[in-house]
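Chemist: mind looking at a prediction? Sequence and model below.
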Amino acid sequence: WYAPEAIGEILVNVPEHREKFVPILCSFIKEEPFERGVHRALSRVARHAPDALADMPPKLIGSLDDPDPVIRGHACEILGLLRVGMSEDKQRSLNDDGTEYKLYDFGSREFAQKTVGAAAAALVALTQDNEH
């Protein structure tokens with residue numbers, strides 16, 4: 001079940017494999033039981049190589065409606081890193097989403113709790129910075 005995260009970490013550290021393996025990783029974005037792991041892995045890759053995920057936004061927009069807060073939160077994070085916005089209606093609904101999810105903070109090297117609304121607000125801030 002943790003194969004997507006392992007693949008994501010490899011792609012962060014071995015850039016020459018991104019072209020071949022990012023599309024394969026992305027193909028499992030809606031495949032049980034890998035959805036969470038793929039979103040976590042793509043979030044990690046997006047922090048280091050956003051260009052490798054240039055074709056992903058349409059699939060990630062759909063993830064914003066997923067019932068799983070881990071998937072919604074990571075989709076917001078990835079879209080923010082890719083500087084891709086969302087509709088105003090979607091933005092309003094996600095900003096009000098107080099559901100918490102757990103994520104690993106690579107800076108502090110600890111697990112953290114975050115709300116989907118906070119991830120959505122960060123996405124909006126990043127995309128607004130991009131417009132200016």
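Modeler: That came through, no problem.

Chemist: tell me which stretches of this structure form strands.
Modeler: Along the chain, counting by DSSP state E, strands occupy 100-105, 110-115.

Chemist: who wins for proximity to residue 128 among those?
Modeler: strand 110-115 (19.4 Å; CB to CB). Quick note: C-beta positions are derived from backbone N, CA and C, even for glycine.

Chemist: in the closest one, what counts as buried?
Modeler: 114-115 (16 or more other CB atoms under 10 Å).

Chemist: hmm, who's touching that strand?
Modeler: With CB atoms under 8 Å, 6 or more residues apart in numbering as the contact definition, strand 110-115 has outside contacts at 73, 97-105.

Chemist: hmm, which of the residues you listed are the buried ones?
Modeler: Buried by 16+ other CB under 10 Å: 73, 97, 100-101, 103, out of the contacts of strand 110-115.

Chemist: residue 12: which of these is nearest?
Modeler: The closest of the buried ones among the contacts of strand 110-115 to residue 12 turns out to be residue 103 (CB to CB; 15.6 Å).

Chemist: now the closest one: how far from residue 64?
Modeler: As judged by CB to CB, to the nearest Å, residue 103 and residue 64 stand 16 Å apart.
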